[in-house]
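Engineer: model this:
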Amino acid sequence: MDKLELFEGLRDAMVSLEKEKVLHLTQEALEMDLEPLEVIDHGLLPGLTEIGKQFENEEVFLPELMLSSMVFQNAMAILQPRIQALGTKSRKKGTVVIGTVKGDMHYIGKNIVRLLLEINGFEVHDLGVDVDPLKFVQKAREVEADIIALSALLTTTLVGQRDVIEALVGQGVRDRFKVLVGGGAVTKKWSEDIKADGYAETAYAAVEMAASFVQG
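Structural biologist: Numbers count the residues shown, from 1 in each chain. Okay, the predicted model is just below:
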């Protein structure tokens, strides 16, 4: 099996929620000396993303979504030692405060972004879900964050992202932090309307943008 076949098999196994096959293929990827981040990027994440789309389209439901998250995390437990051995966390790039905004309980996308940020050298403080705007501000000030990352999956909770930016303005600290927004309901236009510093459509785009914020 070449690596493209393995990635395709890993993606398909994630979509079909075949836990044992996912774990077997993840271990096989390491035995083939494939880069862990490549395994995530081309195998695990595409499968997890597809499950997310199926959930949004009501083709699968909450139990399947939760199972997919569990399978993903089990596969990551296999990859994590190799990632650490490669020294990808040796140099801190910056500090991020991340969370899902007030009224929104979704966490899978946020957790993937958090994981990828950590893998790529960021110190991440995860506030969880349904987070009050002032809590984002308080934590960012406390840890001297470089970036505040705000997730919102639902259209009805988008306003929570705007509320955080308004809270930063109200406390006179807007210029101290870069604000990165993302999630299923977020668009580039919305990002521009609320004067966020950046919008990321995917988890990897979020990491790339975060890295660009702390360069120089």
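Engineer: report the longest helix in this protein, please.
Structural biologist: If you go by DSSP state H, the chain has its longest helix at helix 62-85.
Engineer: Could you list the low-pLDDT ranges of the protein?
Structural biologist: The model of the chain has pLDDT under 70 over residues 56, 86-91, 216.
Engineer: Please, where are all the helices along it?
Structural biologist: Along the chain, the stretches classed as helices by DSSP H are 3-15, 19-31, 36-39, 45-56, 62-85, 108-119, 133-143, 159-170, 188-193, 203-214.
Engineer: Can you say which of those is packed in most?
Structural biologist: Highest mean neighbour count among these (mean count of other Cβ atoms under 10 Å): helix 108-119, with a mean of 22. Using the backbone N, CA and C atoms, a C-beta is placed for each residue, glycine as well.
Engineer: Give me the residues contacting it.
Structural biologist: With contacts defined as Cβ atoms under 8 Å, 6 or more residues apart in numbering, helix 108-119 is touched by 37, 40, 45, 48, 52, 65, 68-69, 72, 76, 83, 88-89, 96, 98-100, 124, 126, 129, 149, 151, 153, 182-184, 200, 203-204, 206-207, 210.
Engineer: Counting by contacts, list what the longest helix of the chain packs against.
Structural biologist: Applying 3 or more Cβ pairs under 8 Å, 6 or more residues apart in numbering; DSSP states H and E, one finds that helix 62-85 contacts helix 3-15, helix 19-31, helix 36-39, helix 45-56, helix 108-119.
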